[in-house]
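Trainee: the amino acid sequence is not available; the structure is as follows:
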């Protein structure tokens, strides 16, 4: 069933119900570009037990509803281009992905570790953001994009560099001090040390890079590693990088597993960062990650690793989808049941 709105509807919020009570099978709520402010959403937002996707891009929120944390099945939250948004309240514990790009007034997030399953954190171009509480404790995050977040503390940056994050973008023009090997340009040659009984889990690779002004295509990175001791060359999987501030230096960090390269102590290797001419690589660094050190880091973070939070996500009943889309001026409610 669909509702068709007149073009340039002056008040799309009039089409929202006064309460979300009873919408127990609603799974997607898409309210981007609706000119919504703080009081526009019904106060019982947290009463949607099946909601998995919430999109609030390009609205006028300064603060979000407190009931957000009660959406126990929510896995995707989009808040891009809410330029007046100042804070993000407590997040749902099963959230997987948070998008908050270009929230230029954003100063603070709630404790990110409460969302114990979050993997993807995209909060680029939030220049007033200083801290992300709980980020140093999270064991689930694999990708972080904080391009243009220039006020992030060095303490927070260092905590992120230590983990096995597979994709990290931060402002910066120096390879962090903790990296074992550093070199100018896109390549580095080094000899691995004695492992002293430790098991090499992999390597964190960090580069200082900027984008070509004239290159608008998607940036990509491939790590090429030549083991001169064993006489072979292997490439890592190509990784896409969403670097858009072309003229400014940023750090990109990725993790490559030793399962692919089978490096041993005292191997002599050369590592090359291949960006296929989409970025300028100015510096390269390598940080060796041992299984024992990673275990210590996780223990230090001290998070409960049980799956209690996951029980509520099992056997989802996919059902309804509510969308308010002011670009084609259509509001539709899909009543199909999967």
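Mentor: Cool, the structure landed. The structure presented is a predicted model; accordingly, all values stated were derived computationally and were not measured. Residues are numbered from 1 along each chain as shown.

Trainee: my guess is residue 258 contacts residue 204. True?
Mentor: No - Residue 258 lies out of contact with residue 204 (Cβ atoms under 8 Å); the separation is 11.8 Å. Just so you know, the C-beta spots here come from the backbone N, C-alpha and C atoms, and that holds for glycine as well.

Trainee: contacting residues for residue 184?
Mentor: Contact criterion Cβ atoms under 8 Å, 6 or more residues apart in numbering gives 282-284 as the residues in contact with residue 184.

Trainee: residue 258 and residue 204 - which one has more neighbours?
Mentor: residue 204 (24 against 17; other Cβ atoms under 10 Å).

Trainee: what bridges to that one?
Mentor: Beta-bridge pairing for residue 204 (DSSP bridges): residue 255, residue 287.

Trainee: that one and residue 290 touch, don't they?
Mentor: No - using Cβ under 8 Å, residue 204 is not in contact with residue 290; the gap is 11.6 Å.

Trainee: now do the SS call for residue 183.
Mentor: strand (DSSP: H, G, I helix; E, B strand; the rest coil).

Trainee: now the helices for this structure?
Mentor: For the chain, applying DSSP state H gives helices covering 154-162, 258-261, 291-301.

Trainee: for the residue positioned nearest the centre of the chain, what are its contacts?
Mentor: Centre of the chain computed as the mean C-alpha position; nearest residue by Cα atoms, centre = their mean is residue 121, 2.2 Å away. Counting by Cβ under 8 Å, 6+ apart, residue 121 touches 97-98, 112, 132, 135, 141, 143-145.

Trainee: tell me, how many residues neighbour residue 199?
Mentor: Applying other Cβ under 10 Å, we find 10 residues neighbouring residue 199.

Trainee: contacting residues for it?
Mentor: 290-292.

Trainee: again with residue 150
Mentor: Residues in contact with residue 150, defined by Cβ under 8 Å, 6+ apart, are 127, 171.

Trainee: hmm, back to that, can you pick the most crowded of the contacts of residue 199?
Mentor: Neighbour-wise, those (other Cβ under 10 Å) top out at residue 290, 17 neighbours.

Trainee: excluding its backbone neighbours, what's nearest that residue?
Mentor: Using Cβ to Cβ, 6 or more residues apart in numbering and skipping the chain neighbours, the partner closest in space to residue 290 is residue 198 (4.2 Å).

Trainee: hmm, residue 289 and that neighbour touching each other?
Mentor: No - using Cβ under 8 Å, residue 198 is not in contact with residue 289, being 10.1 Å away.

Trainee: more neighbours: which of those two?
Mentor: Neighbour count, other Cβ under 10 Å: between residue 198 and residue 289, residue 289 has more, with 20 against 14.

Trainee: quick check: the more buried one touching residue 201?
Mentor: Yes - using Cβ under 8 Å, residue 289 makes contact with residue 201 at a distance of 4.8 Å.

Trainee: low-confidence ranges in the stretch 151-300 of the chain?
Mentor: For the stretch 151-300 of the chain, residues meeting the criterion pLDDT under 70 lie at 155, 161-164, 212-218, 240-247, 295-300.

Trainee: what segments of it are strands?
Mentor: 167-171, 181-184, 187-191, 200-211, 219-227, 232-235, 239-241, 250-257, 268-274, 279-290 (DSSP state E, counting those that start in this stretch).
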